[in-house]
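> just to be clear, the model below is a prediction. Sequence and coordinates:
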Amino acid sequence: MSVPYRATHRQRAARLSDIENALEEMKQSLELTQNERSQASYYQNLVRERLEQTLGGFQTSFLTGSYARHTAIAPLKDIDIFVVIDRDRRRDLVEGEPRRCINAVRAAAADALERMHKSPIAQRRSVGLDFVSADLKIELVPAFRTNLTEVFRIADRHSEQWILSAPKAHSDLSTLANMRSGGFLKPVIKMLKAWKRKHDIPLKSFHLEVMCYGSMPSPPPSLSVALGMTLRHLWAAIQRPCADPTGVGTD
C-alpha cells in the first residue's frame with residue numbers, strides 16, 4: 001500500500017526541520033561567550049598598550065585574523081595582532097633579516113609582559129604569547145607600511161624573505177562575501193572550522209575560509225542549503241590553487 005503524498009510530504013518537512021534545528025544549535029554553540037570576549041578584550045588591549053612602551057619604533061597596532069573577521073569559533077584559541085613599526089625609526093629592522101625583526105618583537109614582548117606569560121616564541125611570521133592565567137594565545141605580527149594603501153611588509157623566518165599582506169582588505173572581502181550570501185557565509189565557515197578542528201583536517205583555517213568566499217553568489221533559502229552549497233564548492237576549490245583574493249600575496 002502506497003503512503004499518501006500528504007503524509008510523506010509532512011515527514012520530509014519534519015526531517016528538514018530537525019536538520020535545520022540541529023544546524024542552528026551547532027551555529028549557536030560555536031559563538032564566542034561573553035566571558036571569552038571579555039577575556040580577549042582585556043588581554044589584547046593589555047598587550048598592545050604594554051608593547052607600545054617597550055618596542056622602539058612602535059607606530060600602531062590593530063586586530064587581524066579570524067577574531068577580527070568574526071569567523072573565530074568557541075573555544076577561542078588565539079588572537080592575531082599586526083604590530084606596525086616605523087620604518088624610518090627602525091631601519092635596522094626593515095633592512096635586516098626577517099628573523100631579526102621577529103626576535104626584536106619577541107624581546108620587547110618579554111619586557112612588556114614580564115611574569116604574565118610564558119616565554120614568547122618566535123614563529124614563522126609572528127611572535128606567540130601564551131599566558132599563565134588564561135587559555136589564550138596572542139600572535140604578534142611585525143609589519144611595516146609600504147607605498148601601497150593598507151598593504152604591509154611582514155617577515156617570514158622560514159623563507160628568510162619579506163612578503164606583502166593586506167589584512168584589512170581580507171576583512172572587507174570577508175564582509176562583502178557574507179553580505180552576498182545573506183549572512184549565511186560566516187556561520188557556515190565556523191561550522192567547517194569546527195569540523196576541521198574535530199577531525200584534525202590538515203588544512204589551514206585561513207585557506208579554508210578564503211575558499212568559501214565564492215560558494216554563495218546569492219542568498220540560499222536555509223542554513224542546510226548554504227552548508228551543502230559550500231561543501232560542493234569546496235570539493236572543486238580544494239583541487240586547484242587558491243589565489244590571494246587581495247592580489248598582493250602568493251597562492
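Cool, the structure landed.
> quick one: low-confidence ranges for the protein?
Counting by pLDDT under 70, the chain contains low-confidence ranges at 1-16.
> what ranges does the stretch 151-251 of the chain have for its helices?
For the stretch 151-251 of the chain, the helices defined by DSSP state H, counting those that start in this stretch cover 167-180, 185-199, 205-212, 223-237.
> so who does the most centrally placed residue in the chain touch?
Among the residues of the chain, Ser66 comes closest to the average C-alpha position under C-alpha atoms, centre = their mean, at 2.3 Å. Taking C-beta atoms under 8 Å, 6 or more residues apart in numbering as the contact definition, Ser66 lies against Ala72, Asp80, Lys193, Ser205, Phe206, Glu209. (Each C-beta comes from the backbone N, C-alpha and C, glycine too.)
> now name the helix or strand holding it.
Using DSSP states H and E, Ser66 sits within helix 65-69.
> same question, Gly128
strand 127-130.
> okay, now the residue lying closest to Trp195 once chain neighbours are set aside: neighbour count?
Sequence neighbours aside, Ile201 is the residue nearest to Trp195 in space, at 7.2 Å (criterion: C-beta to C-beta, 6 or more residues apart in numbering). For Ile201, the neighbour count with other C-beta atoms under 10 Å is 13.
> again, but for the one 5 residues further on
The tally of other residues near Phe206 (other C-beta under 10 Å) stands at 15.
> and for the one 5 residues further on?
One way to gauge burial is a neighbour count; for Met211, by other C-beta under 10 Å, it gives 20.
> so it makes contact with Ala236?
No: taking contacts as C-beta atoms under 8 Å, Met211 lies outside contact range of Ala236: 9.5 Å.
> thinking again about what came up before, how much space between the residue nearest to the centre of the chain and Ile138?
Distance, Ser66 to Ile138, by C-beta to C-beta, to the nearest Å: 13 Å.
> which neighbours do the two share?
Counting by C-beta under 8 Å, 6+ apart, the residues touching both Ser66 and Ile138 are Asp80.
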